[in-house]
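Participant: my questions are about this predicted structure, shown below with the sequence.
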Amino acid sequence: MSGSGAWGSGSRREKSRRARTHGDRAHHASPGAGAAPDPGRPRPAPPHRPAWVTAVTSALAAHPIAIAVAVAAAARLMHFTGFERSPLASALILDADFYHTWARQIAAGDWIGREVFYANPLYAYFLGLVYRLLGPSPEIARLVQHVLGVGTVALIAGTAQRTFGATAAAAAGLLAALYRPFLLYEDLLLTETLIVFLAALALAACLAADRARLAGARGVVRRHLGAGLVLGLGLLARPTLLPLAALLWFAAATRRGALYVALGVALAIVPVTLRNWAVSGSPVLITAHGGETFYVGNYPGADGSNLQPSFVRSGPATEHEDYRREASRRLGREVDLLTSSRYWQSEALRWIGDHPGDWLRLTAKKAALLFHAYEKGDNEDPEAARRLVPIQRLPLPGFALALALGVLGITAGFARGGAPPEIRHPRILLALACAALAAGCLVYFVTARYRLPLSVPLLPFAGYGAATLAALAVAPRPARRFLPAAVLVTALLLVLHRPLPASDRNDPAIAAVNLGYLREAAGDLDGAIESYRRAIAADPRLALARFNLGVAQRLRGDLAAAEATFRQALALDPDYADALDQLAMTLEQGGDRDSSLALYRRAIAIDSTRARYWKDLGRLHILRGEPDAALAAWDRALALDPADSTTAVRAILLEREIAAARARADSLLGAAQGERAGQGERAGQGERAAQGERAAQEGEARPEGRPQP
């Protein structure tokens, strides 16, 4: 075999020996190195290292995965403890609340559902299984997610070890163990932790299949099938992983391998498609909202992040219905969720075709958001987490450091040409995985959540970059090679921390609303009201801020102020069903039950799928002395949320009370009827006796032979 550079000379046996040891020595190589040392020049003495440095380095090299797992477990315990003591743990917001409610329904036995999935189903079923086995506790779910996080760290460290060597594995494992975004999202009931774990597992499985294929080992088919199955599960958690799935399918290298990867993906997805077909009559592949997601990232008002159109209310419980209603309005006919999704996808594609220049500028803006240190929040606020969770205040590694070291690792990893396939292929696969996951963000939109899976293939390169930097720092004449590498990393960090326009940062009004909601859930009503007022000052037209302020005022007992605030929110959004429900509750507390009844019915007319509206209506019917209507309303609430034990108990007790009251009423009615019947019988007997007496008297006075009266 002929080659170039460092791999271009020497015997075949020598090349084989170099190939076998290259992975273990890779962290000592420097970008662009390759010149052989001058044998006539005396070799410089190695630099002196303190004993503790040598001990730590030896331990990391000997047990990189075990040490990374231990550090990851300790960091997660600290994060969980701090998170639970902060207001962040006091309530679930938007997607977290949506998945929590859905998971409780699944845990209660509603495994199939009644309509086509309009949200990615895997995380809800994962959470439902946790709730079924361990109880419906968000705290327990967070602990389970931290266990998954430790598993992700082990997979990343293992991938780095098999691709770059032990020292790179130790660095990648420690970076992943202390990676700030991983720690945060493992304490949030969102899909990200599961997606990251599945992405790491799929990459590890594909790399294992590639190694087995190159070595001619057995089990290649099994590994390809397993990788495909994991990829299919990842697509059930988030279909935007499709570019990664396509890449790993293509990387199978052989037709047979690609076939088994595709078969594994099908094994995961086909049951969901059949389920959607069974409940809706439409063979929806996974969900009926893919077109909406694509539209959010590609419409005239898009800003590169998850900015919804003006006609969409925040929250998964309402946004899909809002898209459907707007599609129906534009099409002039009622459409279902699937037709709505297809409509919005076609609208996005039409806009891209009509305005290619605008789309390219939007894509460039997405790239600027993607390759920036700033963590763009969605449901969550990473900046608030830094203020409220103690370990988040530490200088933990984030995306910027991972990307800067990752670029150095990619440069060092491909600096030498002629590497054998067992060295070259895994690195190419990891680099292409980075490109595929970045492309997935650019196709849709960029937030910290959507960017998180990119960290999985990036962190092994970052570990290799850190190992390369450390090796150059202690090598002879570090100024020659260390300084250029250090300058590269520093320059990248400066670019990634460049100033970002205020419009691209998290909305301060939304951030204030979220913090106020968390304070309210923690019992700090004064702090919550202060946060809501700051949100209104930041954005006076944000109906959500006024709605939350009204709730806090009602809870504090200021009913007049709450009523005025809810009416202000409804003036901004007349179809704000939650505001109608809360205004009805406020009037109900004030004694105006007739107006309250009308408002509850308006809220239900806008959105009849919210169990809470039916629960509130049932309570009002009880106060109005209408038990039958209350029972009917609570039955509807139970049908919408079978896991709501409070409503179930109320309905059962009310049903029993109604049955007992009816039984008592029937008993009393029967007794009353019996009494009246007895009185009538006695009166009849007296009347008949009197009649007999009169007849006897008359008979005695009548002449014989006259007819008896």
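Facilitator: Cool, got the structure. Numbers count the residues shown, from 1 in each chain.

Participant: in whichever helix or strand A268 is part of, what counts as buried?
Facilitator: With elements delineated by DSSP states H and E, A268 resides in helix 255-280, which encompasses its position. Applying a neighbour-count criterion of 16 or more other C-beta atoms under 10 Å, one finds 257-262, 264-265, 268-269, 272, 275-276, 280 buried in helix 255-280. C-betas here are computed from N, CA, C, even on glycine.

Participant: give me the contact list for the helix or strand just after it.
Facilitator: Where DSSP H and E defines the elements, the next helix or strand beyond helix 255-280 is helix 290-296. Taking contacts as C-beta atoms under 8 Å, 6 or more residues apart in numbering, the residues outside helix 290-296 that touch it are 239-240, 302, 306-309, 319-320, 323, 340-348, 443-445.

Participant: what's the following helix or strand after helix 290-296?
Facilitator: Per DSSP H and E, helix 290-296 leads on to helix 316-331 as the next helix or strand towards the C-terminus.

Participant: mind giving me the packing neighbours of that following helix?
Facilitator: With contacts defined as 3 or more C-beta pairs under 8 Å, 6 or more residues apart in numbering; DSSP states H and E, the secondary structure elements packing on helix 316-331 are helix 95-107, helix 290-296, helix 337-354.

Participant: okay, the angle between the next helix or strand after the last one and helix 337-354?
Facilitator: When you say that, I think you mean helix 337-354. Toward the C-terminus, helix 337-354 is succeeded by helix 356-370 as the next helix or strand (DSSP H and E). Angle of helix 356-370 versus helix 337-354, following axes from the mean of the first three to the mean of the last three C-alpha atoms, to 10 degrees, is 110 degrees.

Participant: show me what helix 356-370 is packed up against.
Facilitator: With contacts defined as 3+ C-beta pairs under 8 Å, 6+ apart, the packing partners of helix 356-370 are helix 337-354, helix 421-443.

Participant: other residues contacting it?
Facilitator: Residues outside helix 356-370 that contact it (C-beta under 8 Å, 6+ apart) are 297-298, 300, 302-305, 351-352, 376, 438, 441-442, 445-446, 451, 504.

Participant: for stretch 521-533, same thing?
Facilitator: So stretch 521-533 is contacted by 87, 90-91, 512-513, 515-517, 519-520, 545-546, 548-549, 552-553, 555-556 (C-beta under 8 Å, 6+ apart).

Participant: 6 Å instead?
Facilitator: Stretch 521-533 is contacted from outside by 87, 90-91, 512, 515-516, 519-520, 545, 548-549, 552, 556, using C-beta atoms under 6 Å, 6 or more residues apart in numbering.

Participant: and the residues you listed, which of them are buried?
Facilitator: Neighbour-count burial within the contacts of stretch 521-533 applies to P87, A91, A512, L515, G516, R519, E520, A545, N548, L549, A552; the criterion is 16+ other C-beta under 10 Å.

Participant: can you tell me which one of those residues sits lowest on pLDDT?
Facilitator: The lowest pLDDT within these belongs to A91, with 81.

Participant: which non-adjacent residue is nearest that residue?
Facilitator: Excluding the flanking residues, the one nearest A91 by C-beta to C-beta, 6 or more residues apart in numbering is A521, at 3.4 Å.

Participant: also A245?
Facilitator: For A245, the nearest residue in space outside its immediate sequence neighbours is L231; the separation is 4.6 Å by C-beta to C-beta, 6+ apart.

Participant: tell me the secondary structure at L190.
Facilitator: coil (DSSP: H, G, I helix; E, B strand; the rest coil).

Participant: quick one on the thing from earlier: just the buried ones among the contacts of stretch 521-533: which are in helices?
Facilitator: Under the assignment DSSP state H, the buried ones among the contacts of stretch 521-533 contribute A512, L515, G516, R519, E520, A545, N548, L549, A552 to helices.
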